[in-house]
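>>> Here is a sequence together with a model predicted from it:
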Amino acid sequence: MGTIEEKFKILSGRGEGALIGYITCGDPTPDHTLKIAEALVDGGVDMIELGIPFSDPIADGPIIQRATMRALKAGTRPIMVMETARKISEKFENVPVILLTYYNIIFRMGLENFFSIAKENHISGVIVPDLSVEEALEYKALAERYDIDTIFLAAPSTSDERLKKIIEFSSGFVYLVSVFGVTGPRERLRKESIDFVRRVSSISNGRIPVAVGFGISKPSHVRSVIANGADGAIVGSKIVKIVEENIGEEEKMLLKIRSFVRSLKKSTLKQSGLTADRVPVSL
Amino acid sequence: MPKLSEYPINGKYGRFGGRYVPETLMSALIELEEAYLSAKEDEEFQRQLKYYLSEFAGRPTPLYYAKNLTKKLGGAKIYLKREDLAHGGAHKINNTIGQALLAKKMGKKRVIAETGAGQHGVATAMACAALGLRAEIYMGSEDMRRQRLNVFRMELLGAKVHPVESGSKTLKDAINEALRDWVTNVRTTYYLIGSVVGPHPYPMIVRDFQSVIGHEIREQILEKEGRLPDVLVACVGGGSNAMGTFYPFLDDLDVEMYGVEAAGEGIETGRHAASLCAGLEGVFHGMRTYVLQDEDGQIMETHSISAGLDYPGVGPEHSFLKEIGRAKYVAITDKEAVEAFIELSKCEGIIPALEPSHALAYAMKIAPNLSKDDIVVVTLSGRGDKDVEVVAKYLGVRIWER
């Protein structure tokens, strides 16, 4: 079992779901990332998803697109992201760091080279939103050789048959894309998202943790997905938005991130006696 | 070894192509492939396609013997495949009619498309108006500024044009935004992509619909000359008119093929759009192919005087044909293209678009060295009215006030 699944297991033993916080590395500048990561951990994230900026992020909405552009403009390079990941994991040994990037970044680096550098820099897992399981044979084999988790995405449009394949290819957890759309905060959590969480949970049947992302931006969303069977929640755009709104006011930025994350983390506690069926869907 | 015309095999052209998209789109791509394969065998669909291609788009287009140009160059016989005479003034309509019919067959009422200079957007708007579909076009705000006339043209045809403000605000960003729309609205929306690019099955679908160009060339040249051509030349941005020209001849190994990319201000200046000649293998817009990118894999901005060639990727089948050496890929600068643009206008009375002016320029380079018995076919993928202002500006001619 890798560090990510261990983390889920420990949390589950404590009656908690996992909170995974996403930030784009290098946003607004490479100097900020370590401090923002510290604020995330202070606030209570259990794992950090660190984005390597890519010029054409087709799965991302406007907030993360802008973060990506700021990071690239500030000179962020893939190798710097790896080194930042290492610094984070050295400082917070029990917080797994997961990389998120688009496939061309990995392809250009060379698959083997990418995983070898990732291993050296203590990366626990990798998420690639534009890599389907069909194209991932060599990727999967190399990740296994370097003992790095491969987290694949599943979407509401994914058939049960494909879902089984995605579960089989994934390690660490399966990333449930809760909505039809790109990343970005949503006001409400929709019933179809909850139905999807239940569908995947019943198919995976505890074989691998599932975490829900895309549109998860409020404590109530986190509470709801966890109450309905998810093992974790992933929050990205809302955190990145706090970064964006407080550029130039670093102390305020970090304070706001800490307090927002704290409110999310509280919502990961599994409430005893409240079964999934009785949790209201749209909060 | 499979025949070249049998590709794609499992969605791939050798190692190129494939499906590199967010999971949300995977089931839509599988559904699209099934719908297309069934349409291909469906007589009623084929009858409608044929009807619209002839009655609406004006096909077949002529294969014109450019006798003045041939005489002037003193070498091979040059024929022009007159896609400039198709409805809308370019080959784009061949694909948009085909895909719009497919969208209709699939029961999708909303069609989205990307456009660079506006040619594909206009062709999409035309096909959708004819077939009663709602068209929404993504266009970079920078491109909208440069191509105001085409924006209005799309609006006249009933389409809604969405400005794209992200990234470089040009074609690649318009594709990004169309993909994001599709991820969001995939259940109700058909994405009508404009070239032989993107995830499988798009490169195959667009190639097949554009193959009407090559099939007609074949029939027409056999009628006129009693044999196949020696050389085919076509320009390559995404590569749809070239793929449509080449495909019916892939297994005729005696027919040489040249794909002509945009060298812009010169490959050595870095300001160009020659993905096959100067790019690296990568994964972009859902496909594995040659891509203009930096050493980290970030996609680069491109330059060409011709907006239609201004794209950092290229269709995966071209990457495959380059790899196996079946087609050769070369590049022509802005300057050479403008010279060919002027030459054809004066010499033959045909103003070509700047895109095929690249193909012409290359044909004009090789024709004098070929024998008088050789036959070169150049696909004239569009007419040049849209480029007159750009050329005037390039030459420093003030056409509005003199």
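Structure received. Because the structure is predicted, anything quoted here is derived from the model rather than measured. Residues are numbered from 1 along each chain as shown, chains lettered A, B, ... in the order given.
>>> Test my guess that B:Gly239 contacts B:Ser195.
Yes - applying CB atoms under 8 Å as the test, B:Gly239 and B:Ser195 come out as touching, 6.4 Å apart. (C-beta placed from N, C-alpha, C; glycine too.)
>>> what residues are shared contacts of the two?
Counting by CB atoms under 8 Å, 6 or more residues apart in numbering or on different chains, the contacts common to B:Gly239 and B:Ser195 are B:Gly315.
>>> Looking at those two, which one has more neighbours?
B:Gly239 (34 against 30; other CB atoms under 10 Å in any protein chain shown).
>>> Next, the closest residue in space to the more buried one that isn't next to it in sequence: phi, psi?
Excluding its sequence neighbours, the residue lying closest to B:Gly239 (CB to CB, 6 or more residues apart in numbering or on different chains) is B:Gly315, at 3.9 Å. Note on B:Gly315: its backbone torsions stand at phi -60, psi 140 [degrees, to the nearest 10].
>>> In this structure B:Gly315 contacts B:Gly244, no?
No - look at B:Gly315 against B:Gly244 with CB under 8 Å: they stay out of range, at 10.7 Å.
>>> Compare the two (neighbour count), which wins?
The neighbour comparison of B:Gly315 against B:Gly244 (other CB under 10 Å) goes to B:Gly315, with 33 against 30.
>>> picking that back up, quick check: the gap between the residue nearest to B:Gly239 and A:Ala230.
Plainly put, B:Gly315 is 40 Å away from A:Ala230 if you go by CB to CB, to the nearest Å.
>>> Stretch A:86-103 and chain B in contact?
Yes - interface with chain B: stretch A:86-103 contributes A:Tyr103 (CB under 8 Å from any CB of the partner chain).
>>> I would like the residues contacting stretch A:227-234, please.
By CB under 8 Å, 6+ apart, stretch A:227-234 touches A:8, A:11-12, A:17-22, A:46-47, A:49, A:173, A:175-176, A:194, A:197-198, A:201, A:209-214, A:216, A:221-222, A:225-226, A:264, A:268, A:270-271, A:274, A:276, A:279.
>>> who touches both of B:Gly315 and B:Gly244?
B:Arg207.
>>> Among the contacts of stretch A:227-234, which lie within strands?
Counted as lying in strands by DSSP state E, out of the contacts of stretch A:227-234, are A:18-22, A:47, A:49, A:175-176, A:210-213.
>>> Out of those, who's the most crowded?
A:Val212 leads the ones in strands among the contacts of stretch A:227-234 on contacts (other CB under 10 Å) with 33 neighbours.
>>> Show me what it is bridged to.
Beta-bridge partners of A:Val212, counted by DSSP bridges, are A:Leu176, A:Ala233.
>>> For it, which residues are in contact?
A:176, A:178, A:193, A:197, A:225, A:230, A:232-234.
>>> if I look at the residue nearest to B:Gly239, how far off is B:Ala57?
22 Å.
>>> just B:Leu157 next, same as before
B:Leu157 is 15 Å from B:Ala57, by CB to CB.
>>> Tell me the buried residues in stretch B:381-397?
Within stretch B:381-397, the residues that qualify as buried are B:381-384, B:386-387, B:390-391, B:394, counting by 16 or more other CB atoms under 10 Å in any protein chain shown.
>>> Mind picking the two most distant members of those?
B:Ser381 and B:Tyr394 (19.7 Å; CB to CB).
>>> Give me the neighbour count for whatever residue of the stretch 51-200 of chain A ends up closest to chain B.
Distance from chain B to each residue of the stretch 51-200 of chain A (CB to the nearest CB) is smallest for A:Arg108, at 3.2 Å. Using other CB under 10 Å, A:Arg108 has 21 neighbouring residues.
>>> can you give me the strands for chain B?
B:12-13, B:16-17, B:63-65, B:77-82, B:110-115, B:134-140, B:160-164, B:189-191, B:231-235, B:256-264, B:280-284, B:287-291, B:328-333, B:375-380.
>>> Find the nearest non-adjacent residue to A:Arg223, please.
In space, A:Arg223 is closest to A:Ser267, 4.2 Å off (CB to CB, 6+ apart).
>>> From A:Leu50, how far off is that neighbour?
Counting by CB to CB - A:Ser267 and A:Leu50 are separated by 23 Å.
>>> wait, doesn't A:Ile194 sit right on A:Ile226?
No - A:Ile194 sits out of contact with A:Ile226 when judged by CB under 8 Å, with a separation of 11.1 Å.
>>> Compute the number of surrounding residues for B:Ala278.
Residues lying near B:Ala278 (other CB under 10 Å) number 16.
>>> do B:Arg227 as well
B:Arg227 - counted by other CB under 10 Å - has 11 other residues nearby.
>>> Who are the contact partners of it?
B:Arg227 touches B:221, B:375, counting by CB under 8 Å, 6+ apart.
>>> Buried ones in stretch B:1-12, by neighbour count?
Buried residues in stretch B:1-12, counted by 16+ other CB under 10 Å: B:4, B:7-8, B:11-12.
>>> could you dump those to CSV with distance to B:Arg227 and pLDDT?
Below are these laid out as CSV (distance: CB to CB, whole Å; pLDDT from 0 to 100):
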residue, distance to B:Arg227, pLDDT
B:Leu4, 20, 98
B:Tyr7, 26, 98
B:Pro8, 30, 98
B:Gly11, 35, 98
B:Lys12, 33, 98
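>>> ok, those vs A:Ile79, which is closest?
Nearest to A:Ile79 among the buried residues of stretch B:1-12, with distances taken as CB to CB, is B:Lys12, at 30.6 Å.
>>> How about residues contacting the worst-scoring helix or strand of chain A on mean pLDDT?
Within chain A, no helix or strand scores below helix A:191-204, which has a mean of 93 by mean pLDDT, DSSP states H and E. Here helix A:191-204 makes contact (CB under 8 Å, 6+ apart) with A:154, A:156, A:160, A:163-164, A:167, A:174, A:176, A:178-179, A:210, A:212, A:215, A:224-225, A:228-230, A:276, A:281-282.
>>> Nearest the geometric middle of chain B, what residue?
Residue closest to the average C-alpha location in chain B (CA atoms, centre = their mean): B:Ser240, at 3.3 Å.
>>> So which bits of the stretch 51-200 of chain A are right by chain B?
A:54-59, A:61-62, A:65, A:69, A:72, A:77-78, A:103-109, A:129-132, A:134-135, A:152-159, A:162, A:166, A:177, A:180-182.
>>> hmm, back to that, determine which of the strands of chain B approaches A:Thr3 most closely.
The minimum distance between A:Thr3 and those falls on strand B:280-284, with 28.1 Å, by CB to CB.
>>> how far does stretch A:82-100 stretch from start to finish?
End-to-end distance for stretch A:82-100, by CA to CA, to the nearest Å: 11 Å.
>>> scratch that, stretch B:67-78 is what I was asking about
Stretch B:67-78 end-to-end distance (CA to CA) = 7 Å.
>>> can you give me the helices in the stretch 251-400 of chain B?
B:275-278, B:316-324, B:334-348, B:354-366, B:388-395 (DSSP state H, counting those that start in this stretch).
>>> no, scratch that, I was asking about the stretch 101-250 of chain A
So, for the stretch 101-250 of chain A - with DSSP H, counting those that start in this stretch - the helices run A:103-109, A:111-120, A:137-145, A:160-169, A:191-204, A:219-227, A:237-245, A:250-266.
>>> Quick one: those helices as a markdown table, columns for distance to B:Gly89 too.
Shown next, in a markdown table, are the helices of the stretch 101-250 of chain A (distance: least, CB to CB, whole Å):
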| stretch | distance to B:Gly89 |
| --- | --- |
| helix A:103-109 | 35 |
| helix A:111-120 | 45 |
| helix A:137-145 | 44 |
| helix A:160-169 | 43 |
| helix A:191-204 | 44 |
| helix A:219-227 | 51 |
| helix A:237-245 | 43 |
| helix A:250-266 | 53 |
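>>> residue contacts, the spatially closest residue to B:Gly121 that is not a sequence neighbour?
The shortest distance from B:Gly121 to any non-neighbouring residue, by CB to CB, 6+ apart, is to B:Thr115 (3.1 Å). Contacts for B:Thr115 were tallied using CB under 8 Å, 6+ apart; they are B:121-122, B:124, B:137-139, B:143, B:150, B:154, B:171, B:174, B:194.
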